[in-house]
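Asks: Structure, please.
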Amino acid sequence: MRFINAYVPPKTTDIILFDLISILTDLLSVSYPIIITGDFNLPSINWLADNDSNNIFKEFVKNADLHQLITFSTRSKNILDLLITNNPGLIDDILSLPPMSSSDHSSFSFSVTFKNEPSELYYRLNYLKGDYNSLNYAVANTDWNNIFKSIFPHNLDTIYSTFTQITKNFIENFIPITNCSSLNLPNHLQKIDTYRAQLWKDIHKADIKSKFLYVNKRFNKELKKYLIYRENKLIKSKNSKRIFNYISSQVKSNSFNIPTILDIKTNNVFSTDLAKANYFALYFKSIFHKQNLPHPLNLQNLNTNTLNYIDISEADVFDKLIKLTLKVNTSPDCLNNYILKKCAGSLTQPITQIFRYSMMTGTLPSIWTHSNIIPLFKKGDKSLASNYRPIALTCTLVKVLEKIIKDNLIVRITKYLPTSQHGFIKSKSIVSQLLEAHDDWTKALDENLCVDIIYFDFIKAFDKVSHTILLKKLTNIGIGNPLLFWIENFLRYRTYSVKINNAFSENHTSNMGVPQGSVLGPILFIFFIHDLVKFCATHDIIFKFFADDFKAYLIHSNCNKRFLLQNCISKIEIWSAENELEISAKKCNVLYLGKNNSKFPYYISNNKITPIISFVRDLGILTSSSLKWTIHIDYIKKRAYTRLFTLFKAIKSNDPNFLTKAYTSYVRPIIESFSQLFNPYLKSEIKKLEDVQKMAVKIIYFRGLQNLYPTKPSYEDLLMILNLKSIKDRFLINDIMCYHKIIHGYISIGKSHYPKLTKSNTRNQIKINSSHSNLNLRHHFFFEKMARIYPKLPNELFKHQKIQNFRTCLNKIDLSSIKI
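Replies: As a prediction, the model looks like this:
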């Protein structure tokens, strides 16, 4: 733990505050708790107001993920004496005390709680040291045909349980067991930690205290050496995904802990893992209840050609097994990715037999329809179960079979999906959906038109899908038995238990919804709502979907057209009632664009739809009524700063290469996500995001480069030393790559948004028509901007057909000469 005491004299200038912030930034770059106290004569700061961040010091505290804990005045009506920490859970008993001696400041006291949690020992299989040659030999020489034929009773449950039991026996024979601690440390550190815990029990004895202090110091020293060794090993791997996963495990180790849960109806609280698991299980059960179809659906048979059966080959199974991620994931049947991938060749034959039997009979082993549900926090109050999403962890092998079914099913389903759906579809994404929508909106504003946008919200959409209606719709497009029967059994007869840490709830049944976390769930859902657009089709109304998130908008000139959008809303209500998906009227919003927009009111379920005053969160992008990006840029800047300080607090190594890789894997993606939408053209906004990277390279310099470069290099020189590009250049590269993918069909965009290409006899043979823009927001919008930039790129770029080669060449080009 690091204690810092500081003094800020009255009437301190911003220059001195910047110096203080610079010093504190260096002192904060550690992995252990920090407590800052002192007299900060900054009366202009209102520490009790969340939205008051005019002072640069308060902004620094927020960005550094620090917490100021003093809530009472310490001089007159001002809070001048502060208690700041990066771990408020350690601070207790904060008391206001009288002034000391002749001081005119009140004093305060607080206590610090030190937690000593010895690690728990447990045993697990050490998959890294498994004898896979012998394991594969044993599996390959097993006569699976005779074993499966001799099983009685002969059904898929007994066949599968026999298969898993034999396989698990082989695993136990050829995969060694190792004892581990909850700290996940090597043996020599576990032994020191165990000895340290034993000494702690007798810490009150005088002769033991000195031993404990010595062992504790040795443990921390060896732990730091081990962590640095592990981080250096990671950097040599040159695997960005592994680096990201490692840093996430370090930084987020406690962030997924579910706090005490409150039942607001009874005021009961649930604090133990088991109590929380059982409460979540009952809450999710209330969501998964079965509803009765209020109106019979009149479905038209759209396809006379049926898809009844999927022929599964050993080549299909092997291909899916060998492509599994090599990890020891949770699987209810204990057959994880690691085993299935390492033994793909020998296990393909018995697994193919099981898959074929499952497909022919339309049945599934009961364990395949059981899910271990993990409550995943969405947003809001963490103590309320309603703010968590149920994510289903199912058997790995049923996911493999789902992938094979999906490959065949998607060909049939895609024909019926509206072009406005961008979720879970190859070559479409959040970016493609937002680019289409903002292309319409910016063009409308440029032509002095208005736009009314309705954002809809289904209540627990994935969890409320009616199996009866879904199966009818699948039948309607020609899906028949036994495939339809298989899908029905996959959906209808599910059981689940909620898992929190090592505690499991009682088992419950679920007869509603598509399982989130499954392979087929998302595809079945977007098919379930595919007919909404056709049912609600209204002249001049445009839909945009990303899975269950959807919006409908009308471009107008304040004429009488807006009744069309209200009529469309009414149709959506009818479709929702017939399909048993309830719309949350309270969560629906309307965003009005256009300076002359008269803001016509819209209604849903007789409730006025709430107008957006400041901004709306649209698929992760904060969209304002002016379509300017200041709010979103400020938001991602704050997130990036928070993650940056959290990052360098967690990393022990001072290796500049590792720190740089950590920054590019963990912080920079926050800045770059959806940059094609908000790529700023104002210098002030570019500076906000560039400042995050400036802070990152500054920390890297002080931690890892100061010995090599005693005189601090400029920001530009540090970028060259660390092989980084400026944020401005990164945004331009991302724009060019996205545009290149659109032109060459890697990203699907609607025809009305596709670049207007014409042949040219010069340069790269590509000429793109661009139109004159009246407004800056249109002039600098992605499609307009790239129509000017893309044809100016060097000819050598277009010699590369592969996307990766194109990007490699693009990264080597000096883009500073290209005028945006």
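Asks: what pLDDT, on average, does stretch 261-279 get?
Replies: Mean pLDDT, stretch 261-279: 84.
Asks: Please export the C-alpha coordinates of that stretch as CSV.
Replies: Below are the C-alpha coordinates for stretch 261-279, written out as CSV (Å, rounded to 0.1, in the frame of the first residue of the first chain):
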residue,chain,number,x,y,z
ILE,A,261,-28.6,-9.0,-4.0
LEU,A,262,-31.8,-7.2,-2.8
ASP,A,263,-35.3,-8.3,-3.4
ILE,A,264,-37.1,-5.0,-3.6
LYS,A,265,-40.5,-6.6,-3.1
THR,A,266,-39.7,-8.3,0.2
ASN,A,267,-36.6,-6.3,1.2
ASN,A,268,-34.8,-9.6,1.8
VAL,A,269,-31.0,-9.6,1.0
PHE,A,270,-29.0,-12.5,-0.3
SER,A,271,-25.3,-12.5,0.5
THR,A,272,-23.9,-16.0,0.2
ASP,A,273,-23.1,-17.5,-3.2
LEU,A,274,-25.7,-20.2,-2.8
ALA,A,275,-28.4,-17.8,-1.7
LYS,A,276,-27.7,-15.5,-4.6
ALA,A,277,-27.7,-18.5,-7.0
ASN,A,278,-31.1,-19.7,-5.8
TYR,A,279,-32.6,-16.2,-5.9
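Asks: Enumerate the positions of it that are buried.
Replies: Neighbour counts over stretch 261-279 (16 or more other Cβ atoms under 10 Å) mark 261-262, 270, 273, 275-279 as buried. No exception for glycine: its C-beta is placed from N, CA and C like everyone else's.
Asks: do stretch 3-18 as well
Replies: Here stretch 3-18 shows 8, 17 as buried, counting by 16+ other Cβ under 10 Å.
Asks: Report the distance from that stretch to the chain centre.
Replies: 38 Å (Cα atoms, centre = their mean, to the nearest Å).
Asks: Stretch 336-354 too?
Replies: 30 Å.
Asks: Can you name the residues in contact with that stretch?
Replies: Identification of contacts with stretch 336-354 by Cβ atoms under 8 Å, 6 or more residues apart in numbering yields 127, 130, 132, 135-137, 139-140, 142, 144-145, 148, 156, 159-160, 163, 167, 171, 312-314, 317-318, 321-322, 324-331, 396-397, 400.
Asks: 6 Å - rerun?
Replies: Residues outside stretch 336-354 that contact it (Cβ atoms under 6 Å, 6 or more residues apart in numbering) are 127, 132, 136, 139-140, 144, 163, 314, 317-318, 321-322, 324-329, 396.
Asks: can you check stretch 145-163 too?
Replies: So stretch 145-163 is contacted by 350, 357-358, 363, 365-366 (Cβ under 6 Å, 6+ apart).
Asks: To what extent is Met100 buried, counted in neighbours?
Replies: 9 (other Cβ atoms under 10 Å).
Asks: which one of the contacts of stretch 145-163 sits closest to Lys792?
Replies: Nearest to Lys792 among the contacts of stretch 145-163, counting by Cβ to Cβ, is Ser358 at 56.3 Å.
Asks: Now do the closest one, the pLDDT please.
Replies: 97.
Asks: show me what contacts it?
Replies: Ser358 neighbours (Cβ under 6 Å, 6+ apart): 156, 364.
Asks: Go again with 10 Å.
Replies: Contacts here follow Cβ atoms under 10 Å, 6 or more residues apart in numbering; on that basis Ser358 touches 156, 159-160, 312, 364-365, 368, 397-398, 401, 482, 486, 489-490.
Asks: now swap in Ile721 and tell me
Replies: Counting by Cβ under 10 Å, 6+ apart, Ile721 has contacts 656, 660, 697, 700-701, 705, 708-709, 713.
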